[in-house]
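> just to be clear, the model below is a prediction. Sequence and coordinates:
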Amino acid sequence: MTKIAFIGLGNMGGPMAKNLVAAGHAVTGFDLVPENLSRAAEDGVTAAPSAAAAVADADVVITMLPAGQHVRAVYGGDQGIIGQAPAGALLIDCSTIDVESARAVHEAADAAGYLMLDAPVSGGVAGAAGGTLTFMVGGSEAAFEKGKAFFDIMGRTVVHAGGPGVGQAAKVCNNMILGITMIGISEAFTLGEKLGLSPQKLFDISSKASGSCWAMLNHVPVAGLVETAAANRDFKPGFATEMMHKDLKLSQAAAASVGAATPLGAQATALYTMHVNQGNGSLDYSSIIKMLDKN
């Protein structure tokens, strides 16, 4: 049994912590939202009054936080994880954040003698609950070997992508592909219907032809075609539009930092910005078809 501190027990972190408890580990958690902390306590997580208290005797610290500024704040400062966690604790940040922040926290952890990993995830709330997440991991080989057993509990696929920050690079590249792809799928199904082609027939053809892709097979934005599609649930999210928008903005910030040309990524970001600004941030990312279908 390992003592694990889990900071950030929301829609993703809560189920991940629950799976660690179910695997027999002692998990102490903290979240700024009381309801999240109470829900985690019902799932067997020991509630702590602060992040510093949660990590005080942890062997492993896992964080799942909204953005880079939150990660920097939780790990740094007088009451930050770096310094409050015991010497020798493994630090794992599963948040999706900018590469610059990830590398800055890595540097601070390394300077203080900690092993650290950035390990953003793919798979959404369903993957967190089912323990089927994909982890894209950045950090040293030694840190990865120490952390892999915990990733295997929370996920199905674990890839050591490279050094510090490279896990975040993998995440933003992957989700840029996903966002661009969903827009293309949405355009095609909208066009097909306007041309008199039924969505079912287009799916039957494209899912077996050169247009086939993971997003179509799992999240096609038309109800009644794929059981796992959010379109069947009025676009109740598995992966919310606001989260896709966040990741696309991170991809463009990363592209700008290295001078990479990502014109389709930029256009996808602009379209998801419009979709969010029209009040659709809480809907599934596949709901982008609703905006395209209006034009």
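Received the coordinates, thanks. Numbers count the residues shown, from 1 in each chain.
> now the strands: where do they sit in this structure?
3-7, 26-30, 46-47, 60-63, 90-93, 115-118, 121-122, 133-139, 155-162 (DSSP state E).
> can you list the helices and strands that the third one packs against?
The reference is to strand 46-47. Counting contacts by 3 or more C-beta pairs under 8 Å, 6 or more residues apart in numbering; DSSP states H and E, strand 46-47 packs against strand 26-30, helix 34-42. Just so you know, the C-beta spots here come from the backbone N, C-alpha and C atoms, and that holds for glycine as well.
> now what about it, what contacts it?
With C-beta atoms under 8 Å, 6 or more residues apart in numbering as the test, strand 46-47 has contacts from 26-30, 37-38, 40-41.
> who does that strand pair up with?
Its sheet considered, strand 46-47 pairs with strand 26-30 (parallel) by DSSP bridges.
> state the mean pLDDT of the partner strand.
Computed over strand 26-30, the mean pLDDT rounds to 97.
> can you pull out the helices in the stretch 151-295 of the chain?
Secondary structure of the stretch 151-295 of the chain, counting by DSSP state H, counting those that start in this stretch: helices at 166-194, 199-206, 214-219, 241-258, 263-275, 288-293.
> sorry, back to before: would you mind giving the helices and strands packed on strand 46-47 as a markdown table with mean neighbour count and distance to Asn218 added?
Supplementary listing: the helices and strands packed on strand 46-47 in a markdown table, determined by neighbours: other C-beta atoms under 10 Å; distance: least, C-beta to C-beta, whole Å:
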| stretch | mean neighbour count | distance to Asn218 |
| --- | --- | --- |
| strand 26-30 | 24 | 30 |
| helix 34-42 | 15 | 27 |
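> which one of the ones you listed lies closest to Glu145?
Glu145 lies closest to strand 26-30 among the helices and strands packed on strand 46-47, at 21.5 Å (C-beta to C-beta).
> ok now stretch 37-44, how far from the chain's centre?
Relative to the centre of its chain, stretch 37-44 is centred 21 Å away, using C-alpha atoms, centre = their mean, to the nearest Å.
> distance of the nearest residue to His275 once chain neighbours are set aside relative to Gly184?
Nearest non-adjacent residue to His275, counting by C-beta to C-beta, 6 or more residues apart in numbering: Met291, 5.0 Å away. If you measure Met291 against Gly184 using C-beta to C-beta, to the nearest Å, the figure is 14 Å.
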